[in-house]
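Asks: Model the structure of this input:
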Amino acid sequence: MNYNRRSFVKTISKSGIALTLTPHFDLLNEKAGRVKVLNPKNRVPISFIIDDSTCLVNMAYFGIPQFGEVFPDKYKQDWRKLPREIPDSFVREFAEWSQDNGVKGKYSIVPYPACTGWVNRFIPGWTERELKESLDLVREMILPNWDIHPEMISHTRVIDIKTGKPFETASPNFMENWEWSQNKSADELAAYQAFALNILKEAGLPCEGVTTPGGYGNRNQNNLALGTLESVRDVYGAEIPHYFRNLYTEKGKSVAPEVLHPSDLDGPDPKCVVSINGCTGDWFGGWDGLVPGNVDKFITEDLKTGRMVDVIDSGEPAVMVCHWPGIYYNGDKVGFNIFKKVVHRLNQKYDHLIWMKLSEISRYWAAKELTSITINNNTIKLKAPFSAPDFTLKIENTLKTPILQNGIPLERVSSLKDLKANSFYPDENGAVLCFNLEKGETEISI
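Replies: Numbers count the residues shown, from 1 in each chain. Next up, the predicted model:
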């Protein structure tokens, strides 16, 4: 059975896997009847996940024959007609357009792309200078607005981390996309993921999370979460590790981030890991750059329907998912042009969206789920294990100007759209407050 994410949508309730979910302190707030945590600046987060990207290598060209060796009846694409490279000129074009339009998200760098070579050393077929320039371009143009993730080590064959070589057997049990990860312990997954992370670290790329290739860990998600928590903290010291594993396209299915395995929340080194959920399929250009997508699946021309409309209107983060070969689409840029149309239509319909990297969404959700909030008389007390910018609260029944514990009053704004850090918007039922939440205790006089 093929457990590739491209055709597989996991439903946790059917998996038999028990994940450690966090308490949501809105329950306490609702009993108090006065406070609710809103989205940052009362806006709906959106983001863009790019899978199967790396330096220079077209993962479809080199990956399809390796997948076809394991599943010859399924992977019949004529991969020899595909370009072996996705050029840096396209990376720059995409990055410049994204910067101009405020787009943020996640961009994979596969460390040992389809076993061709190592991004921290050399990749046969390209010069040392070309690899260096490609990495420099990622640092210059991608890093400001995108998280960098490894997509495990090769995205194809499982690597023996003791030797750095692929295991000899080409079977589902030794492919990253399929069976190898399904029965591994948290420590085994952490060691494998740390190997991938260390390659990116040696290449000079920062990282706070990982992306799973295909079905990696889909039946072993508790260990995947624990392994990610361990490996990302160990290699990079990231405060809030996160990962992308699941996507859900069913209407009405929640896609809210999941804050997992919280511990030591009252101590100096609190811990948790966040699972970011995608909300779309790859409706851009397919994982191989051979299947053209359809902008209407995201949002129709009349702006009334589509998966992005469903999720944005629910108020949950709307995270689109694509694959880099399909965005490039063998030089025709079919996926890229579809993405441009999606962004244009979203901008036509909405004025309350906020583009965020996955790490930014993860930080906000960890603070939202794990910060305890109490009200004593006219004082709100927050105890936060993690800081979060633009933390936003809805407070009922207050007419006063809120004052932070440092004595600084929040600035009154005339519209919810004008909310920013250290401001508030009053209405007939109370007020919406926005401020930079600090780690530890915060008091607000209301």
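Asks: What is the burial count for residue 236?
Replies: Per other CB atoms under 10 Å, the neighbour tally for residue 236 reads 18. (Each C-beta comes from the backbone N, C-alpha and C, glycine too.)
Asks: I'd like the distance from stretch 385-404 to the chain centre, please.
Replies: 26 Å (CA atoms, centre = their mean, to the nearest Å).
Asks: pLDDT below threshold where in the stretch 151-300 of the chain?
Replies: The stretch 151-300 of the chain contains no residues with pLDDT under 70.
Asks: which residues of it fall in strands?
Replies: 159-160, 165-166, 209-211, 242-247, 258-263, 271-278 (DSSP state E, counting those that start in this stretch).
Asks: just checking, residue 325 is part of a helix?
Replies: Yes: Residue 325 forms part of a helix when assessed by DSSP: H, G, I helix; E, B strand; the rest coil.
Asks: Of the strands of the stretch 151-300 of the chain, which is nearest residue 195?
Replies: strand 159-160 (7.2 Å; CB to CB).
Asks: what comes into contact with that closest one?
Replies: Strand 159-160 is contacted from outside by 112, 153, 165-167, 195, using CB atoms under 8 Å, 6 or more residues apart in numbering.
Asks: Which residue ranges of this protein form helices?
Replies: 26-32, 59-70, 88-100, 128-137, 186-202, 221-236, 307-314, 324-328, 334-349, 358-370 (DSSP state H).
Asks: Beta-bridge partners for residue 379, please?
Replies: residue 376, residue 445 (DSSP bridges).
Asks: List the contacts of the residue nearest in space to the middle of the chain.
Replies: In the chain, the residue lying closest to the centroid (CA atoms, centre = their mean) is residue 358, at 3.7 Å. Listed by CB under 8 Å, 6+ apart, the contact set of residue 358 reads 47, 49, 105-106, 147, 209, 242, 244, 276, 319.
Asks: let's see it at 10 Å
Replies: Going by CB atoms under 10 Å, 6 or more residues apart in numbering, residue 358 touches 45, 47-49, 104-106, 146-147, 149, 208-209, 211, 242-244, 257, 274, 276, 317, 319.
Asks: mind checking how far residue 39 is from residue 204?
Replies: 34 Å (CB to CB, to the nearest Å).
Asks: Sorry, wrong one. I was asking about residue 86.
Replies: As judged by CB to CB, residue 86 and residue 204 stand 21 Å apart.
Asks: And the closest residue to residue 343 other than its chain neighbours, how far from residue 95?
Replies: Nearest residue to residue 343, sequence neighbours excluded (CB to CB, 6 or more residues apart in numbering): residue 101, at 5.8 Å. When distance is defined by CB to CB, residue 101 is 11 Å away from residue 95.
Asks: So between those two, which is more surrounded?
Replies: More crowded of residue 101 and residue 95, by other CB under 10 Å: residue 95, with 22 against 13.
Asks: ok, the closest residue to the more buried one other than its chain neighbours - how many residues close by?
Replies: Closest residue to residue 95 apart from its sequence neighbours, by CB to CB, 6+ apart: residue 141 at 3.7 Å. Neighbour count of residue 141, defined by other CB under 10 Å: 19.
Asks: quick one on the thing from earlier: list buried members of the contacts of strand 159-160 by neighbour count.
Replies: 112, 153, 166, 195 (16 or more other CB atoms under 10 Å).
Asks: backbone phi and psi for the closest residue to the first one other than its chain neighbours, please?
Replies: In this case it means residue 112. Leaving aside its sequence neighbours, residue 112 sits nearest to residue 154 (CB to CB, 6+ apart; 4.6 Å). When read as degrees, to the nearest 10, the backbone of residue 154 gives phi -110, psi -20.
Asks: ok, residue 154 touching residue 180?
Replies: No: applying CB atoms under 10 Å, one finds residue 154 not in contact with residue 180, separated by 11.5 Å.
Asks: quick one, which of those two is more surrounded?
Replies: residue 154 (24 against 21).
Asks: and the gap between that one and residue 197?
Replies: Distance, residue 154 to residue 197, using CB to CB: 14 Å.
Asks: How about residue 442?
Replies: Per CB to CB, residue 442 is found 33 Å from residue 197.
Asks: Between those two, which is the more surrounded one?
Replies: residue 197 (26 against 21).
Asks: if I pick the more buried one, what's in contact with it?
Replies: Contacts of residue 197 (CB under 10 Å, 6+ apart): 111, 149-150, 153, 190, 205, 207, 209-210, 228, 231-232, 234-236, 238.
Asks: if we can go back for a sec, looking at residue 86 and residue 204, which is more packed in?
Replies: residue 86 (26 against 11).
Asks: ok, now which ones touch that one?
Replies: Residues near residue 86 by CB under 10 Å, 6+ apart: 52-61, 94, 289, 324-325, 327-328, 330-331.
Asks: again, but for residue 51
Replies: Counted by CB under 10 Å, 6+ apart, residue 51 has contacts 5-6, 59, 106-108, 110, 149, 151, 155, 211-214, 244, 278, 282, 287, 321-326.
Asks: follow-up on the earlier one: among the helices of the chain, which is the most enclosed?
Replies: Highest mean neighbour count of those: helix 324-328, a mean of 27 (counted as mean count of other CB atoms under 10 Å).
Asks: CA atoms only: put it into PDB for me.
Replies: The C-alpha trace of helix 324-328 is given here as PDB (Å, rounded to 0.1, in the frame of the first residue of the first chain):
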ATOM      1  CA  TRP A 324       8.500  22.400  -6.000                       C
ATOM      2  CA  PRO A 325       8.700  20.500  -9.300                       C
ATOM      3  CA  GLY A 326       5.000  21.300  -9.900                       C
ATOM      4  CA  ILE A 327       5.500  25.000  -9.200                       C
ATOM      5  CA  TYR A 328       8.400  25.100 -11.700                       C
END
